[in-house]
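Enquirer: Kindly generate the corresponding structure for this input.
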Amino acid sequence: MKITGTITSTVNVGTQPVTVSAPAEAPAAAAPARAATPALQSEVLQPAAQALRMMPDFDAARVAELRDALAKGELPFDPGRLAGLIQRFHGGGRG
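Expert: Take a look at the predicted model:
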């Protein structure tokens, strides 16, 4: 299976959003070649890469807070809306 296209992500660096685009196709053999990226690209991506490294995988305290609020009925939950958002995110085209 061959996947082509571009993957685009936006990361906030301080208060500034930084958009990073990369080819969706990334063969395993190309990994060593990425280490030899041009200096300009490397300098441009450094703030985003550093911000990403500084972020935790997830905020455990916030997850616990939201879980408690949901269990107490303090946080509204619409399963239909969630399903629509998941479908739209994964390319369902609806929503």
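
Enquirer: who does the longest helix along the chain touch, helix- and strand-wise?
Expert: Using DSSP state H to define each element, the chain has its longest helix at helix 39-54. Helices and strands touching helix 39-54, by 3 or more CB pairs under 8 Å, 6 or more residues apart in numbering; DSSP states H and E, are strand 6-13, strand 16-23. (Glycine included, C-beta is placed from N, CA and C.)

Enquirer: quick one: average confidence on the helix or strand just after it?
Expert: Once the chain leaves helix 39-54, the next helix or strand it forms, by DSSP states H and E, is helix 60-71. For helix 60-71, the mean per-residue pLDDT is 93.

Enquirer: Low-confidence stretches in this structure?
Expert: Applying pLDDT under 70 to the chain flags residues 1-41, 92-95.

Enquirer: give me that answer again for 80
Expert: Residue ranges of the chain with pLDDT under 80: 1-42, 92-95.

Enquirer: And for R81, the neighbour number?
Expert: Counted with other CB atoms under 10 Å, the neighbours of R81 add up to 11.

Enquirer: and it, what helix or strand is that in?
Expert: helix 79-89.

Enquirer: do E74 as well
Expert: E74 belongs to no helix or strand, assigned by DSSP H and E.

Enquirer: In contact with it, which residues?
Expert: Counting by CB atoms under 8 Å, 6 or more residues apart in numbering, E74 makes contact with nothing.

Enquirer: one more time with 10 Å, if that's ok
Expert: 66, 68 (CB atoms under 10 Å, 6 or more residues apart in numbering).
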